[in-house]
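Peer 1: coords please:
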Amino acid sequence: INGDTLVTEWVSENILEITGYTREEAMAPGWWYAHVHPEDLSVATAAHARLAEQGSLSQEYRFVRKDGSILWVLDKLAVLNDEGGQPTRVVGGWTDITIQREAMQALEASETRYRDLFENNPHPMFLWDRVTLRYVAVNDAAVAKYGYSREEFLQMKVTDIRPEEDIPAMLTSVANVGGGFHDLGVWRHRCKDGRIILMEVSVHEISLVGRATMLVLAVDVTARIEAERALSESEERLRLITDTIPALIAYFDKECRYLFTNRAYEQAFGVDRNAVIGKRLGEVMPPQISRERSPWIVRALGGERVSFEISLDDGEGGEGWVVVGATPGPYAHAAGMAHVRVELILVVLPLRFIGIDGFSEIDAGWLMLGEESGKYAAEIPGDALYGSGLLLVGLYLCTGMWFVALVLRTPAITAVSSAVTVLIGLFTGLFAILV
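Peer 2: Modelled structure (predicted):
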């Protein structure tokens, strides 16, 4: 010890291995001061100034190796006194703690990242003690979602935000949670104002200060589930309506794959809706029908609203004529809980001539010509047939418009199409009486 400075008298040979400097270089005056990291030098020097008073010292700081890399050292020093009790020398040793400090820094950075993920997560997150069920920590999103302050949460238990009737099931579910991640499904939670919200809950058990703690993520799915419920009810109503309409209805995508069929369509063509969904029109319908419809469907897929007549064989030697309307898309259709793009809607209306002898109808509603069909057909005036055909086409167009309104759920279109339906119905009845 030379006044307020330390003069190096001896250095072990392994200084070269640790720092890259030789013993001679390390013993040069001012060597230690010149290579302590500049950001740590003032603190390390101040500690040395207290060494004589304290008698010993232990500190950590960074040291710049000869190759420029950083060495973290644990520097331990002890003062040796002479017979009179005066400090004369200092002995000490360095321990390379670079790996430990880098690991600690990585851990601190990781903890900071995870803390940020917890605090800044847009969804409510909680930490609660698995034994006491008390909240340990909550994030800002939980405070905003539930309406309780952070201080209020820390005085509460997990059961305090549950409807009373749900608590037994919740406790059972939590008791069955083991290590690792678990998706507990959707649960009802109660906000401070009494509102019930539906939360999709995921949990992960962690150890916090030696205690089993549950890390919980809760995602509000109230709007989604209510929308799914409303969509399911709407889809069921639409299915009920289309199954009672006296017309054959089918939806197709742009590749003419079936997306939907109503009951009349299935009965008329002898198909099962579950078996045809996803299949192409040509895979389900006889080749003759596919060929006859092809040019019209191409036009409809091109954006044109078209209607045409085709004849069908009932399989028993009879023949029926129908009016087919093709309405271009796109529209949104709910298939299960997913929305699919409808590019084409086909509506098939049977040509019915009520009260004319010689004509018979099958269950699907097709008009079948009997043995005397030629006789009675010849007796029907051409103008009447033409007029009836126009009325049926008009009726088809109105039905198609009304059906599209159901799909689009547009009040204006629904109101207009309903009014037009009534007018055409009245006109059809009047025209039938006059003819």
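Peer 1: drop to CA atoms for contacts and neighbour counts, all remaining ones
Peer 2: Fine.
Peer 1: Test my guess that K76 contacts G92.
Peer 2: Yes. Between K76 and G92 a contact is recorded at 5.4 Å, counting by CA atoms under 8 Å.
Peer 1: Which neighbours do the two have in common?
Peer 2: Common contact partners of K76 and G92 (CA atoms under 8 Å, 6 or more residues apart in numbering): none.
Peer 1: Kindly format the C-alpha coordinates of the helix or strand encompassing L117 as CSV.
Peer 2: Assigned by DSSP states H and E, L117 belongs to helix 98-119. Extracted in CSV, the C-alpha atoms of helix 98-119 (Å, rounded to 0.1, in the frame of the first residue of the first chain):
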residue,chain,number,x,y,z
THR,A,98,-18.4,-14.1,-16.8
ILE,A,99,-20.6,-17.1,-17.5
GLN,A,100,-22.6,-16.6,-14.3
ARG,A,101,-23.2,-12.9,-15.0
GLU,A,102,-24.1,-13.4,-18.6
ALA,A,103,-26.6,-16.1,-17.5
MET,A,104,-28.0,-13.8,-14.8
GLN,A,105,-28.3,-10.9,-17.4
ALA,A,106,-30.1,-13.3,-19.8
LEU,A,107,-32.4,-14.3,-17.0
GLU,A,108,-33.2,-10.7,-16.0
ALA,A,109,-33.9,-9.9,-19.6
SER,A,110,-36.1,-12.9,-19.9
GLU,A,111,-37.9,-12.0,-16.7
THR,A,112,-38.4,-8.4,-18.1
ARG,A,113,-39.8,-9.8,-21.3
TYR,A,114,-42.2,-12.1,-19.5
ARG,A,115,-43.2,-9.4,-17.2
ASP,A,116,-43.9,-7.2,-20.2
LEU,A,117,-45.9,-10.0,-21.8
PHE,A,118,-47.9,-10.3,-18.6
GLU,A,119,-48.5,-6.6,-17.9
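Peer 1: can you list the residues that contact that helix?
Peer 2: 71-73, 125, 138-140.
Peer 1: can you rerun that using 10 Å?
Peer 2: Helix 98-119 is contacted from outside by 60, 62, 70-74, 97, 120-121, 124-127, 137-142, 215-217, using CA atoms under 10 Å, 6 or more residues apart in numbering.
Peer 1: Just the buried residues of the helix or strand H182 falls within, please?
Peer 2: For H182, the host element (DSSP H and E) is strand 181-190. Neighbour counts over strand 181-190 (16 or more other CA atoms under 10 Å) mark 182, 186-190 as buried.
Peer 1: Include pLDDT when you put those into JSON lines, please.
Peer 2: Below are the buried residues of strand 181-190 laid out as JSON lines (pLDDT from 0 to 100):
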{"residue": "H182", "pLDDT": "91"}
{"residue": "V186", "pLDDT": "95"}
{"residue": "W187", "pLDDT": "95"}
{"residue": "R188", "pLDDT": "96"}
{"residue": "H189", "pLDDT": "97"}
{"residue": "R190", "pLDDT": "96"}
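Peer 1: what's the weakest-modelled helix or strand in the chain?
Peer 2: Sorting the helices and strands of the chain by mean pLDDT, DSSP states H and E puts strand 367-369 at the bottom, at a mean of 31.
Peer 1: what's the angle from the helix or strand containing L240 to strand 181-190?
Peer 2: Secondary structure assignment for L240, by DSSP H and E: helix 222-244. Interaxial angle, helix 222-244 versus strand 181-190 (axes from the mean of the first three to the mean of the last three CA atoms, to 10 degrees): 90 degrees.
Peer 1: packing partners for helix 222-244?
Peer 2: strand 181-190, strand 196-208, strand 248-252, strand 258-261, helix 263-269, strand 319-335, helix 382-408 (3 or more CA pairs under 10 Å, 6 or more residues apart in numbering; DSSP states H and E).
Peer 1: related to what we said a few turns ago, okay, and which of the contacts of helix 98-119 map to strands?
Peer 2: With strands taken from DSSP state E, the overlap with those comprises 60, 62, 70-74, 125-127, 137-138, 215-217.
Peer 1: Going by distance to P29, which of those residues wins?
Peer 2: R62 (19.4 Å; CA to CA).
Peer 1: Pull the contacting residues for the closest one.
Peer 2: 35-41, 44, 69-74, 97-98.
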